[in-house]
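S.K.: Can you look at this prediction? I've put the sequence above it.
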Amino acid sequence: MPADKHPYLFLLVFFVMAVGFAVGPLILAWLWAKLVSPAKPGEIKNSTYECGLESKGDAWVAFKSEYYLYGIIFLIFDVETIFLLPFCVAFTGLSVGAILAMLVFVLLLVEGLAWAWVKGVLTWK
Amino acid sequence: MDDGLKSELTKQGIYVVKLEQLYNWGRSNSVWPLGFGLACCAIEMIAASMARYDLSRFGAEVFRPSPRQADLMIVAGTVTKKMAPQVVRLYNQMPEPKYVIAMGACAISGGPFKQGYNVLKGIDRYIPVDVHIPGCPPRPEALIHAFMTLQRKIDAQKVFGPDRAHHFDASKPSEFPIPLFGEHDLVPAKNPNVWEPAVVVR
């Protein structure tokens, strides 16, 4: 089978060699372990935590869902900076209408923050 | 193959070894210690792993933070009775084959705290120790010497056959019982399969 008739033959050869290079040592190690080194699993050896201490309690700890409002407020103000940056860059060349529109936008956000503050969302308890 | 032929081949640059010797040569030159210090001996252990004493010459600079990846536990320092169960537990969690170097007077015997109430009088009461290093603390050279002693021990271990090392024998245990806190002392006070008190002949 000439190689110029099958240009993808080299790819196949490379693929087989690459897989063999990775899998071959793993198979050899597995065979050697079967031959020489018996597996000795145990309760302590198979335990999850590995720093000398026994783990206590449950990893599934409940987290208070009421903090979602805090997260949303953070997200809003994080995105707001993206709008504020072009506003700052183009500040001197803006018309009165644009300035007013931007001020309304910022005031709405501040009003939302004040509402959240009064409602007690910002207090972690 | 007789020794004469082997020596003749070695002169020609052809080395003939048994599979067992090749395996032991490989693993004795890549012993990974557990990054685990208990007291002042750990400072000397750290010094031994750093550039001045350079434990990496022996393929052992890779201090692993997890017992799952370590071959060698260097018990470096005072083992208090509060700490002993954790030490045994860490040893149990190491995969086979695993080795222990007891470093310093405290780890091998309790050292200056031997008469105290809260220090274990040698970690060899609970786990099989391969090399003991005296000293308070031993210098890094002593740790390197212990390391080379361990390498010679690994090189001499049998992998096949009835007298093979206990790591390669499926019937030998891999985990050792963890002592519990009793009313006055650890319970049990020793593992009789591992350690018996020396008989003093008077």
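M.R.: Structure received.
S.K.: Buried residues, the helix or strand bottoming out on mean pLDDT in chain A. List them.
M.R.: Least confident helix or strand of chain A, by mean pLDDT, DSSP states H and E, is helix A:68-89 with a mean of 89. Along helix A:68-89, these residues count as buried under the neighbour rule (16 or more other Cβ atoms under 10 Å in any protein chain shown): A:I73, A:F87. For every residue, glycine as well, the C-beta is placed using N, CA and C.
S.K.: which residues are contacting the helix or strand following it?
M.R.: Counting by DSSP states H and E, the next helix or strand C-terminal to helix A:68-89 is helix A:96-119. For helix A:96-119, contacts defined as Cβ atoms under 8 Å, 6 or more residues apart in numbering or on different chains pick out A:L69, A:I73, A:I76, A:F77, A:E80, A:F83, A:L84, A:F87, A:L94, A:L122.
S.K.: And stretch B:166-177, by the same measure?
M.R.: The set of residues external to stretch B:166-177 that reach it, using Cβ under 8 Å, 6+ apart, is A:36-38, A:40, A:42-45, B:88, B:91-92, B:96-98, B:126-128, B:158-160, B:188, B:191, B:194.
S.K.: Name only those of those that count as buried.
M.R.: With burial judged by 16+ other Cβ under 10 Å, the buried subset of the contacts of stretch B:166-177 is A:36-37, A:44-45, B:88, B:91-92, B:96-98, B:126-128, B:159, B:191.
S.K.: what residue ranges in the chain score low on pLDDT?
M.R.: With no chain named, the answer covers chain A. Of all residues in chain A, those with pLDDT under 70 make up the ranges A:1-3.
S.K.: which one's the longest helix in it?
M.R.: Under DSSP state H, the helix in chain A containing the largest number of residues is helix A:9-35.
S.K.: follow-up on the earlier one: just curious, which of the buried ones among the contacts of stretch B:166-177 is nearest to B:R27?
M.R.: B:R27 has its nearest neighbour among the buried ones among the contacts of stretch B:166-177 in B:P97, at 7.3 Å by Cβ to Cβ.
S.K.: Quick check: chain neighbours aside, which residue is closest to the closest one?
M.R.: B:H167 (3.4 Å; Cβ to Cβ, 6 or more residues apart in numbering or on different chains).
S.K.: for the one you found, helix, strand, or coil?
M.R.: helix (DSSP: H, G, I helix; E, B strand; the rest coil).
S.K.: which parts of chain B sit against chain A?
M.R.: Residues of chain B lying near chain A by Cβ under 8 Å from any Cβ of the partner chain: B:23, B:66-68, B:86-87, B:89-90, B:92-93, B:95-97, B:159-160, B:167-170, B:173-175, B:178.
S.K.: Now, those residues that are in helices?
M.R.: Per DSSP H, the residues of chain B next to chain A map to helices at B:Y23, B:Q86, B:V87, B:R89, B:L90, B:N92, B:Q93.
S.K.: of all those residues, which comes closest to chain A?
M.R.: Of all those, B:Q86 has the smallest distance to chain A: 3.6 Å, by Cβ to the nearest Cβ.
S.K.: Settle this for me: that closest one is touching A:E54, isn't it.
M.R.: No: in this structure, B:Q86 is not within contact of A:E54 by Cβ atoms under 8 Å, at 9.3 Å.
S.K.: Compare these two (neighbour count), which wins?
M.R.: Counted by other Cβ atoms under 10 Å in any protein chain shown, B:Q86 and A:E54 do not tie: B:Q86 has more neighbours, with 17 against 11.
S.K.: can you pull the contacts of the residue lying closest to the more buried one once chain neighbours are set aside?
M.R.: Excluding its sequence neighbours, the residue lying closest to B:Q86 (Cβ to Cβ, 6+ apart) is A:G52, at 3.6 Å. A:G52 makes contact with B:Q86, B:V87, B:R89, B:L90 under the criterion Cβ under 8 Å, 6+ apart.
S.K.: Quick check: the last one touching B:L38?
M.R.: No: using Cβ under 8 Å, B:L90 and B:L38 do not qualify as a contacting pair, with a distance of 11.0 Å.
S.K.: Now do the SS call for B:K121.
M.R.: Assigned by three-state DSSP, the conformation of B:K121 is coil.
S.K.: need the contact list for the spatially closest residue to it that is not a sequence neighbour.
M.R.: The shortest distance from B:K121 to any non-neighbouring residue, by Cβ to Cβ, 6+ apart, is to B:G110 (3.8 Å). Taking Cβ under 8 Å, 6+ apart, we find B:G110 in contact with B:G116, B:V119, B:L120, B:K121, B:G122.
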